[in-house]
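Asker: My questions are about this predicted structure, shown below with the sequence.
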Number of protein chains: 2
Amino acid sequence: MNIEEFVRDGHLTYMPSVAVDCAIFGFHDNALKILLLKWKNLKGWSLPGGYMKRSEEAEEAARRLLNERTGLDKIFLQQYHTFTGIDRTKAQGIELESFGETIGLEVGPDHWLRQRVICIGYYALVEYSKVKNPRADSFTEECCWCNINELPHLLFDHQEMIEMAVRTLRLQLNFQPVGLNLLPLKFTMNELQKLYETLLGYPLDRGNFRKKMLSTGILRKTGERPTGKAHKAPHLYSFNKQEYVKGLKSGMKFS
Amino acid sequence: MNIEEFVRDGHLTYMPSVAVDCAIFGFHDNALKILLLKWKNLKGWSLPGGYMKRSEEAEEAARRLLNERTGLDKIFLQQYHTFTGIDRTKAQGIELESFGETIGLEVGPDHWLRQRVICIGYYALVEYSKVKNPRADSFTEECCWCNINELPHLLFDHQEMIEMAVRTLRLQLNFQPVGLNLLPLKFTMNELQKLYETLLGYPLDRGNFRKKMLSTGILRKTGERPTGKAHKAPHLYSFNKQEYVKGLKSGMKFS
C-alpha cells in the first residue's frame, strides 16, 4: 500500500482507533539504547509502530510493524501499557492536514486519520549487535539507536511511552529474568551485574547480587573461566534456558 | 441513557472499538474473591466494565463504569493488559441480535454494537467488608463476590481476563506492596503472611518471609501486641504509608 492508498482507503484495512508502538531496547558499551524512527512528513522522531489491521491481534500488529519499519524479526515482545490520552495525536492532525496537500488529498477533520487513536505499547530487549542495518521505509527517512539519556524531540506522547517502558523494564528485573540475547552465551557474574546496574541506573551490592541471582536457579555454572586469564579468573555462567523461560512466563519464585 | 438510546445512538457518546473491564479482588476468610455481574440479556457472568466514552481516558472510564455497576468509588486501579482477540465478542453479536428484537431495534451485522472491540483490563484489591451491597444496574440483574476457585460461566474472554489478572497480581507481590485496605490498620506478621499465601496459592517459609518484609521498609512496628493475649503474643505492625506509596509507584528496591 503506498502513501496515497493508505490515506484514502486505509480505514478499510486498519482499525482507525487502535495503534501499537514498540520500545526496542539494546545494550551496548554499558549504555541503554532505544530504536527510533524519523518520519518524512512529521517533524520529529517516534517509536516504530502504526495502526493495527482489522485482521490482526495487537501482538501480530506489533511484530509486523516492527519488521516493516526496522527489519527486525522473532523478538520476544511484551505488552506493557495502553495509552489513551484524548489529545495524544492532536499535533499529528495539524501536520497531516498540510501533508495531505502535498499528495493532493484532503485530510480534513472528519478524515479517518484524524480520529482519536489509542495505542498499545510493547517493549523488548534485543542484542544490539544483531541489528546491523535498521532500515527506514516509505514513511520514514531514518532509523537508528539513540542513547536513552540523550533522546531527540519525540512526536505525540512517545516521550511518556519511553519513560513508562523504562520504568516497566526496571520493575521487571525484580521478578523476571533478563539478559538472554543481551549477553554472550557465557558471561561472568560481573558482566551480569553491569547489565543490571545499567538497566536500573544505580549500583548494586556485589555479594547480595550474586546470592540473589544464584538463588533464582536461572544460572548454570559452566565450569569454565575466561581463557588466557590467571587461575583466579572469575567463573563463567550461562542461562538455564528451561528455568529462564519458566521465569518469563510465571515470574521467579518469591523467597 | 436508557437501553434503547444506548443501542440506537451510543456510538455518538462511546468509542465503538474500545472498552474497559475491571477485575476487583477482595480477601475474606482466607480466600480470594472477585466481583462479578450477571447480565439481564446475555446468558452468563462478566467483569464490571463497558465502552469508553469519546470524552474519557481509559482509567476515567474504568472508574465511572465500576461506580455505575457496583457503587464502588476511589479505588486504586491498575491497568494490566489489553485484550485484542479478533473473535472475543463474537458470541455477544448473536445474543445482541435477538436482544435487539426484544426492544424493537435492529442490531444487524453493521450495527455499531457489532464492531470489533478491544478491551483494556484494570485490576484492584479492595477491602471486602467495605463493599456492603454491590448493586446491579439497568443492564445487569445481579452483582456479587465469587470465590476465585469456583467461577460461574463467564461471557466473552472474561475467563482469560481473570486468569491474567490473578497472574499479574501474583507477580506484583514480588515488587510492589500489597495489603493496605485488605488488612486491619494493625496486623501481625502471621496475618500478613496468610494474605500473601492466599494470593500466591502456596505456603511460604516463615523466617524468610519475615526477613524480606522487614527489609522493604514498608512495615512499622507499632510496639503493641494484640490485647488480651499472653506476654508472648506477636508484635503488631502497620504500614509505613510513605514507603508504601513509593513502592506502588516505583517498585520496592532490588536488594
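Answerer: Looks like it came in fine. Numbering: from 1, shown residues only, chains lettered A, B, ... in the order given.
Asker: Quick check: residue A:7 touching residue A:97?
Answerer: No: in this structure, residue A:7 is not within contact of residue A:97 by C-beta atoms under 8 Å, at 11.4 Å. (C-beta placed from N, C-alpha, C; glycine too.)
Asker: Mutual contacts of the two, please.
Answerer: Shared contacts of residue A:7 and residue A:97 (C-beta atoms under 8 Å, 6 or more residues apart in numbering or on different chains): residue A:107.
Asker: who's more crowded, those two?
Answerer: Comparing residue A:7 with residue A:97 by neighbour count (other C-beta atoms under 10 Å in any protein chain shown), the higher total belongs to residue A:7, at 21 against 16.
Asker: so the more buried one sits in a helix?
Answerer: Yes: the assignment for residue A:7 by DSSP: H, G, I helix; E, B strand; the rest coil puts it in a helix.
Asker: Identify the residue nearest it in space, chain neighbours excluded?
Answerer: Of all residues beyond its chain neighbours, the one nearest residue A:7 is residue A:105 (5.1 Å), with distances taken as C-beta to C-beta, 6 or more residues apart in numbering or on different chains.
Asker: And chain B, is the longest helix seen in chain A touching that?
Answerer: Among the segments of chain A that qualify as a helix by DSSP state H, the longest is helix A:158-172. Yes: using C-beta under 8 Å from any C-beta of the partner chain, helix A:158-172 reaches chain B at A:167, A:170-171.
Asker: Now do the helices in chain A.
Answerer: Along chain A, the stretches classed as helices by DSSP H are A:3-13, A:58-70, A:90-102, A:158-172, A:189-200, A:206-215, A:241-250.
Asker: so of these, which one's packed in deepest?
Answerer: Using mean count of other C-beta atoms under 10 Å in any protein chain shown, the stretch among the helices of chain A with the greatest mean number of neighbours is helix A:58-70 (a mean of 21).
Asker: Quick check: residues of the stretch 51-200 of chain A near chain B?
Answerer: Contacts of the stretch 51-200 of chain A with chain B, taken as C-beta under 8 Å from any C-beta, map to A:52, A:54-59, A:79, A:81-82, A:84-86, A:116, A:118, A:120, A:167, A:170-171, A:173-176, A:196, A:200.
Asker: Repeat the analysis, applying 10 Å as the threshold.
Answerer: By the criterion of C-beta under 10 Å from any C-beta of the partner chain, the positions of the stretch 51-200 of chain A lying close to chain B are A:52-61, A:79-86, A:88, A:115-116, A:118-121, A:167-168, A:170-176, A:196, A:200.
Asker: Please identify the buried residues of stretch A:37-52?
Answerer: Of the residues in stretch A:37-52, those buried under the neighbour-count criterion (16 or more other C-beta atoms under 10 Å in any protein chain shown) are A:37-39, A:42, A:45-52.
Asker: For the residue lying closest to residue A:140 once chain neighbours are set aside, name its beta-bridge partners.
Answerer: Of all residues not flanking residue A:140 in the chain, residue A:37 sits nearest, at 4.5 Å (C-beta to C-beta, 6+ apart). In this structure, residue A:37 has the following beta-bridge partners (DSSP bridges): residue A:46, residue A:143.
Asker: who's in contact with residue A:37?
Answerer: Residues touching residue A:37, when contacts are defined by C-beta atoms under 10 Å, 6 or more residues apart in numbering or on different chains, comprise A:45-49, A:69-70, A:134, A:136-137, A:139-144, A:155.
Asker: Let's see the pLDDT reported for it.
Answerer: Among the per-residue scores, residue A:37 holds a pLDDT of 91.
Asker: how much space is there between it and residue A:68?
Answerer: Residue A:37 sits 11 Å away from residue A:68, going by C-beta to C-beta, to the nearest Å.
Asker: and if you look at residue A:157?
Answerer: Distance from residue A:157 to residue A:68, counting by C-beta to C-beta: 22 Å.
Asker: Just the C-alphas of stretch A:165-173, formatted as CSV.
Answerer: Included here for stretch A:165-173 are C-alpha records, laid out as CSV according to Å, rounded to 0.1, in the frame of the first residue of the first chain:
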residue,chain,number,x,y,z
ALA,A,165,8.7,1.4,29.2
VAL,A,166,12.0,2.1,31.1
ARG,A,167,10.1,2.0,34.4
THR,A,168,8.4,-1.3,33.5
LEU,A,169,11.7,-2.8,32.4
ARG,A,170,13.3,-1.8,35.8
LEU,A,171,10.4,-3.3,37.7
GLN,A,172,10.6,-6.4,35.6
LEU,A,173,14.2,-7.0,36.8
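Asker: What does the pLDDT read for residue A:110?
Answerer: The predicted local distance difference test score for residue A:110 is 86.
Asker: Pull up the pairing partners for the lengthiest strand in chain A, direction included.
Answerer: Ranked by residue count and defined by DSSP state E, the top strand of chain A is strand A:14-28. Each strand paired with strand A:14-28, and its direction, by DSSP bridges: strand A:31-39 (antiparallel), strand A:49-53 (antiparallel), strand A:118-126 (parallel).
Asker: ok now that strand, how far from the chain's centre?
Answerer: Between the mean C-alpha point of strand A:14-28 and the mean C-alpha point of its chain there is a distance of 7 Å (C-alpha atoms, centre = their mean, to the nearest Å).
Asker: same check, this time on stretch A:101-119
Answerer: On the basis of C-alpha atoms, centre = their mean, stretch A:101-119 sits 27 Å off its chain's mean C-alpha point.
Asker: before we move on, back to that, need the strands paired with strand A:14-28 in a markdown table with distance to residue B:185, can you?
Answerer: Conversion of the strands paired with strand A:14-28 to a markdown table gives the following (distance: least, C-beta to C-beta, whole Å):
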| stretch | distance to residue B:185 |
| --- | --- |
| strand A:31-39 | 41 |
| strand A:49-53 | 46 |
| strand A:118-126 | 37 |
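Asker: Contacts for stretch A:98-116, please.
Answerer: For stretch A:98-116, contacts defined as C-beta under 10 Å, 6+ apart pick out A:2-4, A:6-12, A:14-17, A:39-42, A:51, A:84-90, A:92-97, B:15, B:17-18, B:52, B:54-55.
Asker: can you do 6 Å?
Answerer: Taking C-beta atoms under 6 Å, 6 or more residues apart in numbering or on different chains as the criterion, the residues outside stretch A:98-116 that touch it are A:4, A:7, A:11, A:16-17, A:41, A:93, A:96-97.
Asker: CA-only coordinates of that stretch in PDB, if you can.
Answerer: The C-alpha trace of stretch A:98-116 is given here as PDB (Å, rounded to 0.1, in the frame of the first residue of the first chain):
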ATOM      1  CA  SER A  98      -0.600  20.000   5.400                       C
ATOM      2  CA  PHE A  99       0.800  16.600   4.400                       C
ATOM      3  CA  GLY A 100      -2.400  15.800   2.700                       C
ATOM      4  CA  GLU A 101      -2.000  18.900   0.500                       C
ATOM      5  CA  THR A 102       1.500  17.700  -0.700                       C
ATOM      6  CA  ILE A 103      -0.100  14.400  -2.100                       C
ATOM      7  CA  GLY A 104      -3.300  16.100  -3.300                       C
ATOM      8  CA  LEU A 105      -5.700  14.500  -0.800                       C
ATOM      9  CA  GLU A 106      -7.800  16.400   1.700                       C
ATOM     10  CA  VAL A 107      -7.200  15.200   5.300                       C
ATOM     11  CA  GLY A 108     -10.000  17.300   6.900                       C
ATOM     12  CA  PRO A 109     -11.300  17.000  10.500                       C
ATOM     13  CA  ASP A 110     -13.600  14.000   9.600                       C
ATOM     14  CA  HIS A 111     -10.900  12.100   7.800                       C
ATOM     15  CA  TRP A 112     -10.200   8.600   9.300                       C
ATOM     16  CA  LEU A 113      -6.600   9.600  10.100                       C
ATOM     17  CA  ARG A 114      -7.900  12.400  12.300                       C
ATOM     18  CA  GLN A 115      -9.900  10.100  14.600                       C
ATOM     19  CA  ARG A 116      -8.800   9.600  18.200                       C
END
